[in-house]
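Undergrad: Prediction below, plus the sequence it came from.
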Amino acid sequence: MKKHSKKAHEEPIEEAPEEDNAPELVRRRANRKSAMRSGRTIGEAREQLETRNERNAARKKDKKKKHFRIAFTVFGFIVIAVSIACIVFNLIEHRDEIGQNNEPAENLTPSVQIIDEDTGAKITSRMKTYIAQAETDFRALSYTPMKVVVPAGSIRVIHFYLDGFTGYIKMTIDRNAAVSVEDADRLIRYLKEQGTTDFSYLDVRIDGKAYWK
């Protein structure tokens, strides 16, 4: 006879049902982890957005600074250009005043002979006034003007001839007449001190310099 195992007659043992709280705990833990991961993701996205906004704001700020620097540089160049223009204008105006020799209110008329080696059209009222002023200044220094020659091809240069000298004095109406006469007087006195009483010409057309031949 076959022996039957006791286990064959034993009723199968039913497994205890799992506790209902176990799946909920697992789900809670999973949800918590998921929420934590979601929180990190949202925070990172927010940080990235803030960083992007900060970069955009920094770019806009740099662009404003760049535009301000450009505008300031352009404004500086304009100010410098205007200043230079004003200086040049003042120099030109001052030169014109010197060229007009600070003429007195009354109109001076030269008494010396004026010879124009061209057609005579170059002898303007300004030139006549200059010659008359220079003549007056020469006479004040005890010189006697004889004549004035306007060389050919010139509209500003004149040659002043004085009594007692064979040469002439080169002058320009762009300089003050009194200053030119004083320069000529100093040069004549210097040449006399050096034992030279004769010359071909004296040139006092340049401020601060004088030449003779």
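TA: Done, it's in. As the structure is a prediction and not an experimental result, all values here were calculated from the model. Numbers count the residues shown, from 1 in each chain.
Undergrad: Rounded mean pLDDT for stretch 148-158, please.
TA: Averaging pLDDT along stretch 148-158 yields 88.
Undergrad: same question but for stretch 64-81, I mixed them up
TA: 84.
Undergrad: got any ranges where the protein has weak pLDDT?
TA: Applying pLDDT under 70 to the chain flags the ranges 1-50, 89-107, 119-121.
Undergrad: Tell me where it has helices.
TA: Secondary structure of the chain (DSSP state H): helices at 6-9, 21-99, 125-140, 177-193.
Undergrad: in the third one, what counts as buried?
TA: What it means is helix 125-140. Counting neighbours by 16 or more other C-beta atoms under 10 Å, one finds that the buried residues in helix 125-140 are 127, 128, 129, 130, 131, 132, 133, 134, 135, 136, 137, 138. Where you see a C-beta, it was placed from the backbone N, CA and C, and this is true even at glycine.
Undergrad: Go ahead and confirm the last one touches residue 145.
TA: Spelled out, that is residue 138. Yes. Using C-beta atoms under 8 Å, residue 138 makes contact with residue 145 at a distance of 5.1 Å.
Undergrad: so what sits against both of those two?
TA: Taking C-beta atoms under 8 Å, 6 or more residues apart in numbering as the contact rule, the neighbours common to residue 138 and residue 145 are 160, 162.
Undergrad: can you tell me which residues contact residue 144?
TA: 138, 162, 163, 164.
Undergrad: try 6 Å this time
TA: Residue 144 makes contact with residue 163, according to C-beta atoms under 6 Å, 6 or more residues apart in numbering.
Undergrad: now it: how far from residue 84?
TA: Distance, residue 144 to residue 84, by C-beta to C-beta, to the nearest Å: 47 Å.
Undergrad: ditto for residue 58
TA: Computed as C-beta to C-beta, the residue 58 to residue 84 distance reads 39 Å.
Undergrad: Same question for residue 140.
TA: 40 Å.
Undergrad: And for residue 150?
TA: Separation of residue 150 from residue 84 (C-beta to C-beta): 36 Å.
Undergrad: Who has more neighbours out of those two?
TA: residue 150 (21 against 10; other C-beta atoms under 10 Å).
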